[in-house]
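In: how would this look folded up:
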Amino acid sequence: MPVLLVLRDLCVRSSAAGAAGGLMRGCLETPAELIKTRQQLGRSWRGASLLHGLGSTCLRTASVVGFYWALFEASSGLRAPLTPALSNFVAGGICSIIAWALIFPMDTAKSCIQAGSSCGILDTLLMIYQRSGFAGLYAGIGAGLLRAFLANGGGMVAYGIVQGILATGSEL
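Out: Residues are numbered from 1 along each chain as shown. Below you'll find the predicted structure:
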């Protein structure tokens, strides 16, 4: 099988697996995301509202994690000359920046929905755009991408170290 087809298949599988994991993660993190968003805005929340924004959180998280893993796998050839730790840090950081940049408007809409909007994600995106333009869809992106780069770069270094230890049969 040609190398590009193998890479494409690997990226598709990684993206699908990442999206599935992201979907589960979105389901689990929705209540905490809602509480965090409401507390940041000084707004109250009730137990009955803990799943408000479930769909937008799941869509956001499945998308970003799916994109991340597809990009991580696709970048393997580019990072081959780097040391494993540097490769994982750079790839983890850069792939997360690209993934988050692609879906950031969904994250902005998710936050608005969890802040109390009763609209769906598409209507919320349109409302943000009409109110604040394209820049409104990307409000806070600088801090978000910095966090993503550091967190995912560092996380992938730890992932690589543990993967190496397990491959050699060593104890943690």
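In: tell me, what residue is most central in the protein?
Out: With distances taken as C-alpha atoms, centre = their mean, the residue of the chain nearest its centroid is V64 (3.5 Å).
In: so where's this structure shaky on pLDDT?
Out: The model of the chain has pLDDT under 70 over residues 1-7, 170-172.
In: all helices of it, in order?
Out: Taking DSSP state H as the criterion, the chain carries its helices at 3-40, 54-74, 76-79, 84-115, 121-137, 141-168.
In: Could you single out the most deeply buried of those?
Out: Of all the helices of the chain, helix 54-74 has the most neighbours on average by mean count of other C-beta atoms under 10 Å, namely a mean of 22. All C-beta spots, glycine's among them, are computed from the backbone N, C-alpha and C.
In: Helix 3-40 and that one, what's the angle between them?
Out: Calculated by axes from the mean of the first three to the mean of the last three C-alpha atoms, to 10 degrees, helix 54-74 forms an angle of 140 degrees with helix 3-40.
In: Make residue 1 into 43 and carry on from there
Out: All set: I'll call the first residue 43, so the last point we hit is now helix 96-116.
In: which one of the helices of the chain lies closest to R88?
Out: With C-beta to C-beta as the criterion, R88 lies closest to helix 45-82 of these, at 9.8 Å.
In: Hey, what's the angle from that closest one to helix 126-157? Just curious.
Out: Comparing the axes of helix 45-82 and helix 126-157 via the same axes, to 10 degrees yields an angle of 50 degrees.
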